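Engineer: no sequence on this one, just coordinates:
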């Protein structure tokens, strides 16, 4: 959480507290009608300020969403195993189309243990990965 977000959340909480105090003053029968009217205006202003601070917190999160910008590389064991499996099937078959390789791989027992469906094999076989498989073979 950023410092700005913390500050605006604290500002929201403080304005809500002040609005509640002003609402209590507004209901206090010991005060004059002018003082109660002033308390009502104070409560209104503090609720508006509280809402503005809350909106700022929400909009700041929307304006600056956390994005994953790094490119995934084959570093995990499961990813490496999937790549090796597809490379082995490519070596055995020599297929030159991604769709054909995905269809053939789905018939392989090892590929079925690594991928949940034929569609996932095809999605994993991005053009970039397919080029890596072909270049490794060549």
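Structural biologist: That came in fine, so what should we check first? Everything numeric in this text was worked out from a predicted model, so none of it was measured.
Engineer: How much space separates residue 33 from residue 40?
Structural biologist: Per CB to CB, to the nearest Å, residue 33 is found 10 Å from residue 40. Heads up, the C-betas are built off the backbone N, CA and C, glycines and all.
Engineer: Likewise for residue 34?
Structural biologist: 11 Å.
Engineer: Compare these two (neighbour count), which wins?
Structural biologist: residue 40 (15 against 8; other CB atoms under 10 Å).
Engineer: what about the closest residue to residue 12 other than its chain neighbours, neighbour count?
Structural biologist: Computed as CB to CB, 6 or more residues apart in numbering, the closest residue to residue 12 that is not its neighbour in sequence is residue 53, at 3.9 Å. Other residues near residue 53 number 19, with proximity taken as other CB under 10 Å.
Engineer: Following element in sequence after the one helix or strand residue 53 maps to, please.
Structural biologist: Element membership for residue 53 (DSSP states H and E) is helix 33-63. Going down the chain from helix 33-63, the next helix or strand is helix 77-93, by DSSP H and E.
Engineer: The next helix or strand after that next one: which residues count as buried?
Structural biologist: Next helix or strand after helix 77-93 toward the C-terminus (DSSP H and E): helix 98-106. Within helix 98-106, the residues that count as buried by 16 or more other CB atoms under 10 Å are 98, 101, 102, 104, 105, 106.
Engineer: ok, now how distant is residue 39 from residue 46?
Structural biologist: For residue 39 relative to residue 46 (CB to CB), the value is 10 Å.
Engineer: I appreciate the help and will end here.
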